[in-house]
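S.K.: When you get a sec, could you give me coordinates for this:
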Amino acid sequence: MGIKKVIIAYDTRDNDLPVVVGDYKEVADYFGMAEDGLRSTMCRKALVQFRYEVVVVGKANDNLEGDDE
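M.R.: Residues are numbered from 1 along each chain as shown. Below is the predicted model:
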């Protein structure tokens, strides 16, 4: 299966606030589309629903949330 990538969708019409964070499946489900459709949209650097910018920000378990030590 491999390591899942972490995806964030930003709302370009609302100060680029993040609206959803997850893997490809979770983000695709949020927008009601297929994973392949989401990947295709991201490859074309197009906006989802003419509003949301979706980008890969890292991989699962690479301490994106930071350390509390």
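
S.K.: Count residues in the vicinity of N61, would you?
M.R.: 9 (other C-beta atoms under 10 Å). Bear in mind the C-beta positions are built from the backbone N, C-alpha and C, glycine included.

S.K.: Lowest mean pLDDT among the helices and strands, pick that one out for this protein.
M.R.: strand 52-59 (a mean of 92; mean pLDDT, DSSP states H and E).

S.K.: so how far is that strand from its chain's centroid?
M.R.: 4 Å (C-alpha atoms, centre = their mean, to the nearest Å).

S.K.: That one - contacts with which helices or strands?
M.R.: Applying 3 or more C-beta pairs under 8 Å, 6 or more residues apart in numbering; DSSP states H and E, one finds that strand 52-59 contacts strand 5-11, helix 35-43.

S.K.: To what extent is A9 buried, counted in neighbours?
M.R.: With other C-beta under 10 Å as criterion, A9 counts 23.

S.K.: quick one: it and Y30 touch, right?
M.R.: Yes. At 7.3 Å, A9 counts as touching Y30 under the criterion of C-beta atoms under 8 Å.

S.K.: Tell me the residues that contact both of these two, please.
M.R.: V19, V20 (C-beta atoms under 8 Å, 6 or more residues apart in numbering).

S.K.: ok, back up a step: and the contacts of the least confident helix or strand of the chain?
M.R.: For strand 52-59, contacts defined as C-beta under 8 Å, 6+ apart pick out 3-12, 16, 19, 27, 31, 38, 41-42, 47-48, 64.
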